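>>> Predicted model and sequence follow; I will ask about them next.
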Amino acid sequence: MVGPASRRRAVKVVVETGLGNPAQACRALGLARSTFYHASKPTRRSQQLRRQVIALSQKHPRYGYRRITALLRRAGQQVNAKRVQRLRCREGFQVSRRQRRCKRVGLSTAERQRATHVDGVWSWDFVHDQTENGSHFRILTLIDERSCMCLATHAGWSIRAEDVITVVEAAFTRYGKPKHLRSDNGPEFIAYAIQDWLAAAQIKTLSIKPGSPWENGHIESFHDKLRGECLNRELFGSLLEAQIILEQWRTEYNDERPHSSLRYQTPTEYARQSAAAADTKEAANPKTNRRTPV
């Protein structure tokens, strides 16, 4: 025991167990009685930081202490991540993350296509949920693998190939066209209408092997965040309400949520920074194609 805090705890144990009174324990452990009786008072800044940590943890219950620290720093607070962790532990905010393990069907040695720049590889897939009265609906999700940006979340009772084309065309108009689209072998993605449309748009498809969800890890990770931070927290009264809430969460996900894989930048910030870097490179060398191979 080297510090006053440790000695204070030892004196408290001695008094509580009846081994001696505070004066005897303090004299034996070399601790001033004024130090033992002194009650620490948190500073105004500590109280303000505690309130901010509690407010952010309650607003985002699926965020860990690192992401809460990133939000505080983005708001102008100079705070250490370990301090935020101690405050969250003291207040009982803990995130239990259970990873779903995917069983491998066989040994896979193929090197999958990786996104090295924004708009290099997009991924799309479906996730299911239900309304308050038990009516099931589907959600089409579309993300950019490099910037982690969610490009679309379309909810519907049933989503056909024509609906997929409409949603993705709107994303093309807003964000530009990718070079590759990664998906599983679902009937919506291998439909002739979609294959012909992608071929006409000169977009290559990347299909994962059946029973190999780990080959589409970006969209699986996104679905985990969508499920934990939105779907499991909301009770949808109707499909329209689900569509509105999903769009609000998508905006927050892109513009406010810091990502650890992007060095705690938001996807919008990362995409803007990548576009500025590409413009600078193109200005320095006009003959170089802006879009590099994936």
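Ah, there it is.

>>> Please count neighbours and contacts with C-alpha atoms only from this point.
OK.

>>> which regions of the stretch 1-150 of the chain lie under the pLDDT threshold?
1-2, 96-113 (pLDDT under 70).

>>> hey, where'd the strands end up in it?
Along the stretch 1-150 of the chain, the stretches classed as strands by DSSP state E, counting those that start in this stretch are 121-130, 136-144, 150-156.

>>> In CSV: these, plus mean neighbour count and distance to G176.
Converted to CSV, those look like this (neighbours: other CA atoms under 10 Å; distance: least, CA to CA, whole Å):
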stretch, mean neighbour count, distance to G176
strand 121-130, 20, 11
strand 136-144, 21, 11
strand 150-156, 20, 11
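
>>> what's the helix or strand where V167 lies packed up against?
Element membership of V167 [criterion: DSSP states H and E] is helix 161-175. Packing contacts for helix 161-175, counted by 3 or more CA pairs under 8 Å, 6 or more residues apart in numbering; DSSP states H and E, involve strand 150-156, helix 192-200.

>>> Let me know the angle separating it from strand 150-156.
Angle, helix 161-175 to strand 150-156, by axes from the mean of the first three to the mean of the last three CA atoms, to 10 degrees: 150 degrees.

>>> got the buried residues for helix 161-175?
A161, V164, I165, V167, V168, A171 (16 or more other CA atoms under 10 Å).

>>> do the same with stretch 60-75
P61, R62, Y63, G64, Y65, R66, R67, I68, T69, A70, L71, L72.

>>> The fourth one: what's it in contact with?
By that I understand G64. By CA atoms under 8 Å, 6 or more residues apart in numbering, the residues touching G64 are Q94, V95.

>>> repeat that for 7 Å
V95 (CA atoms under 7 Å, 6 or more residues apart in numbering).

>>> and the end-to-end length of stretch 125-137?
14 Å (CA to CA, to the nearest Å).

>>> contacting residues around it?
138-142, 155-158, 183, 235-238.

>>> go again using 8 Å as the cut-off
So stretch 125-137 is contacted by 138-142, 155-158, 183-184, 219, 223, 231, 235-239, 242 (CA under 8 Å, 6+ apart).

>>> now the helices: where do they sit in this protein?
4-16, 22-29, 33-37, 44-59, 65-74, 81-91, 161-175, 192-200, 217-226, 239-255, 267-284 (DSSP state H).

>>> Can you lay out the ones you listed as JSON lines showing distance to D119?
JSON lines is the format used below for the helices of the chain (distance: least, CA to CA, whole Å):
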{"stretch": "helix 4-16", "distance to D119": "55"}
{"stretch": "helix 22-29", "distance to D119": "66"}
{"stretch": "helix 33-37", "distance to D119": "62"}
{"stretch": "helix 44-59", "distance to D119": "32"}
{"stretch": "helix 65-74", "distance to D119": "26"}
{"stretch": "helix 81-91", "distance to D119": "33"}
{"stretch": "helix 161-175", "distance to D119": "8"}
{"stretch": "helix 192-200", "distance to D119": "15"}
{"stretch": "helix 217-226", "distance to D119": "14"}
{"stretch": "helix 239-255", "distance to D119": "15"}
{"stretch": "helix 267-284", "distance to D119": "9"}
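
>>> Mean neighbour count, these: which tops it?
helix 65-74 (a mean of 20; mean count of other CA atoms under 10 Å).

>>> Could you list the domains of this protein?
Split into domains by automatic domain parsing, the chain comes to 4-37, 46-91, 121-283.

>>> what separates stretch 15-23 from the chain centre, distance-wise?
50 Å (CA atoms, centre = their mean, to the nearest Å).

>>> same deal with stretch 150-161?
21 Å.

>>> swap in stretch 209-227?
Using CA atoms, centre = their mean, the offset of stretch 209-227 from its chain centre is 14 Å.

>>> average model confidence for it?
In this model, stretch 209-227 carries a mean pLDDT of 83.

>>> In CSV, list the C-alpha atoms belonging to it.
In CSV, the C-alpha atoms belonging to stretch 209-227 read as follows (Å, rounded to 0.1, in the frame of the first residue of the first chain):
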residue,chain,number,x,y,z
LYS,A,209,-19.9,-19.3,-52.5
PRO,A,210,-23.2,-20.9,-51.2
GLY,A,211,-23.0,-21.3,-47.4
SER,A,212,-20.1,-19.0,-47.0
PRO,A,213,-21.3,-15.7,-45.4
TRP,A,214,-17.8,-14.9,-44.2
GLU,A,215,-16.9,-14.0,-47.8
ASN,A,216,-19.4,-11.1,-47.5
GLY,A,217,-18.2,-9.9,-44.1
HIS,A,218,-18.8,-6.2,-44.7
ILE,A,219,-22.5,-6.5,-45.1
GLU,A,220,-22.8,-9.1,-42.3
SER,A,221,-21.0,-6.7,-40.0
PHE,A,222,-23.3,-3.9,-41.1
HIS,A,223,-26.4,-6.1,-40.4
ASP,A,224,-25.1,-6.7,-36.9
LYS,A,225,-24.9,-2.9,-36.3
LEU,A,226,-28.3,-2.4,-37.9
ARG,A,227,-29.9,-5.1,-35.8
